[in-house]
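> Any chance you can model this:
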Amino acid sequence: MQSYEHSNRATAAASIMNVRELQALRAVIARGTVTRAAEHLGVSQPALSNLIANLERRIGIKLFERAGGRLSPTAEGIHLSDEAEKLLIGLDKLSHLAQDLREQKAGLLRVGCLPGLGIDFVPRLLAGFLADRPNVKVMLQVRTSAEVKEWIAARQFDVGIAELPADDAAIDVDPFSVRCVCVMPQGHPLTAKKRITPKDLSGVPIVTLNRDHMTFFRVTRAFEQARAKLNVCAEMHMFAPACTMVASGIGVSIIEPITASTYADRGLECRPFDPPIPFDLGIMYPANRPRSLLAQSFAEVLKDAMSPYVQA
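Numbers count the residues shown, from 1 in each chain. As a prediction, the model looks like this:
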């Protein structure tokens, strides 16, 4: 029982200790005199003496012997000072961490992205984002749009980039639409044209996305309305392999412009396509959850980088 009561008293004493008082204790012991300690802390000697006296009164332990105007630490004072140093170092680290978080120089950013943008475009943006944030850790997961939306809804990502729609109350979305372009191998006869139409591509081998993808339906409708022949030579699950096929000379393709831009130096040329074929994307966040400063900042980076491609 006595041990239990002593523990309770110690806990209660610790709970009412003042950080400034612990700093005063540590300063006096580390620097040897009240004068030097007061100079170090930037306070007057009487103020520092009051801090020490208040601490002794709070915890009920004598921390210094007073003789001839000098303070000599007791064994208890030395022991408490050693433990106070550990606490103060920890508080200092917390203070620096808080500052880094406030200035977005520390923390964790979890990003989920569909493959078209996640293979090249978003990693380059993240590299630039991290350049002046050495203590920020990034986790990038490249997943299908369906998986990105599932993980955003489950709060496994802070920011997601995926195809629309995202009809889920657990997801907040900043929607935008880009306009697809026609990509061709370098030297293709159609590169002489400034804009490409379905009539230009009538009968030309075309690499498309799978038939259940919205882009395929929109391309098909454009060809039907122009009474042009859609000659599908290959179907891909993503735009990136379609670009690789086109660069190999298999045919042409109609793809979203961000992926097309990353293949511009890999043997491809692109031209605007009429009529407009929209590709609908969204920057997504978990709903009903505060967004971190890092997530907000990176979302702005994404919006700025995508703005040249966004359809007005």
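> What lies in contact with stretch 278-289?
Stretch 278-289 has contacts (C-beta atoms under 8 Å, 6 or more residues apart in numbering) with 114, 148-149, 152-153, 155, 157-166, 169-180, 214-215, 218, 256, 291, 295, 299, 302-303, 306, 311. Where C-beta positions appear, they are placed from N, C-alpha and C, glycine not excepted.
> mind exporting that stretch as PDB, just the C-alpha atoms?
Provided in PDB are the C-alpha atoms of stretch 278-289 (Å, rounded to 0.1, in the frame of the first residue of the first chain):
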ATOM      1  CA  PRO A 278     -12.900  13.300 -73.600                       C
ATOM      2  CA  PHE A 279     -11.100  11.200 -71.000                       C
ATOM      3  CA  ASP A 280     -12.600  11.900 -67.500                       C
ATOM      4  CA  LEU A 281     -10.300  11.800 -64.500                       C
ATOM      5  CA  GLY A 282     -10.400  12.900 -60.900                       C
ATOM      6  CA  ILE A 283      -8.100  13.800 -58.100                       C
ATOM      7  CA  MET A 284      -9.600  12.000 -55.200                       C
ATOM      8  CA  TYR A 285      -9.500  12.100 -51.400                       C
ATOM      9  CA  PRO A 286     -11.100  10.200 -48.500                       C
ATOM     10  CA  ALA A 287     -14.300  12.000 -47.600                       C
ATOM     11  CA  ASN A 288     -15.100  13.200 -44.100                       C
ATOM     12  CA  ARG A 289     -11.500  13.300 -43.200                       C
END
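> Of all the residues in that stretch, which ones are buried?
By 16 or more other C-beta atoms under 10 Å, the buried positions in stretch 278-289 come out as 279-286.
> Just the ones of those residues in strands?
Counting by DSSP state E, those place 279-286 in strands.
> And the helices in the stretch 201-312 of the chain, which stretches?
Here the stretch 201-312 of the chain has its helices, by DSSP state H, counting those that start in this stretch, at 214-226, 239-247, 257-262, 293-306.
> would you turn those into TSV with mean neighbour count, distance to Ile61 and mean pLDDT?
Converted to TSV, the helices of the stretch 201-312 of the chain look like this (neighbours: other C-beta atoms under 10 Å; distance: least, C-beta to C-beta, whole Å; pLDDT from 0 to 100):
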stretch	mean neighbour count	distance to Ile61	mean pLDDT
helix 214-226	16	74	96
helix 239-247	22	69	93
helix 257-262	22	67	91
helix 293-306	17	43	93
